[in-house]
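1. with the sequence up front, the predicted model follows.
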Amino acid sequence: MNASMLSYILLSCLLLSVQAEYCGVREIIRYTQRLLDDSSVSCPCRQTATSSCSCLPIPERGHELACFVDGTKHLMENTSSNPVITRLYWTFQALLDRSLCKRLAHGDQCQYETKGNVKEFLKKILTTYQEIEK
């Protein structure tokens, strides 16, 4: 972990501790949009595939944050290092750990009925946060 990443995490924690109802909506939408525009994060989802780009959980309502943490962690571990994915992961993790975004119910376990590819997972993040922004 480099110094700029550490300072980013510390700054994020500071901001999160100041704002009781912090969802990081604009930041998360911006990062997610950037990843969706980046074609290198797209690949097919095959339930049986053991490829580095396997299927990601599409969360049930109320379990979004836990699934977003799990999915971005999987992406972080299985794709070439992408600072945007890393930022998303740490943001979701902080929101979940501190129960900051009251609008997203906080089930600690990721529950899902379906899995999707990276684009479908990112679109779920985007639509979830666009609903909060309204």
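-> Cool, got the structure.

2. worst-scoring helix or strand of this protein, pLDDT-wise?
-> Lowest by mean pLDDT, DSSP states H and E among the helices and strands of the chain is helix 3-18, with a mean of 60.

3. buried ones in the helix or strand following that helix, by neighbour count?
-> Beyond helix 3-18 on the C-terminal side, the first helix or strand identified by DSSP states H and E is helix 25-37. The neighbour-count check on helix 25-37 (16 or more other CB atoms under 10 Å) flags Val25, Glu27, Ile28, Ile29, Tyr31, Thr32, Leu35, Leu36 as buried. Heads up, the C-betas are built off the backbone N, CA and C, glycines and all.

4. pretty sure the fifth one is touching Pro83, no?
-> No: at 9.6 Å, Tyr31 and Pro83 do not qualify as touching, with contact defined as CB atoms under 8 Å.

5. quick one, what contacts Ile28?
-> The contact partners of Ile28, taken as CB atoms under 8 Å, 6 or more residues apart in numbering, are Leu88, Thr91, Phe92, Ile125, Tyr129.

6. mind checking how far the first one is from Thr32?
-> Look at Leu88 and Thr32: by CB to CB, to the nearest Å, they are 7 Å apart.

7. which residues are common contacts for these two?
-> With CB under 8 Å, 6+ apart, Leu88 and Thr32 have common neighbours Ile125.

8. out of the contacts of Ile28, which is most surrounded?
-> Leu88 (27 neighbours; other CB atoms under 10 Å).

9. let me see the contact set for that one.
-> So Leu88 contacts Ile28, Tyr31, Thr32, Leu35, Phe68, Thr72, Ile125 (CB under 8 Å, 6+ apart).

10. check those residues and tell me the two furthest apart.
-> Maximum pairwise distance among the contacts of Leu88 (CB to CB): 12.4 Å, between Leu35 and Phe68.

11. what about the helices in this protein?
-> Along the chain, counting by DSSP state H, helices occupy 3-18, 25-37, 64-78, 83-97, 118-133.

12. against which helices or strands is the last one packed?
-> Using 3 or more CB pairs under 8 Å, 6 or more residues apart in numbering; DSSP states H and E as the contact definition, the elements that helix 118-133 packs against are helix 25-37, strand 56-59, helix 64-78.
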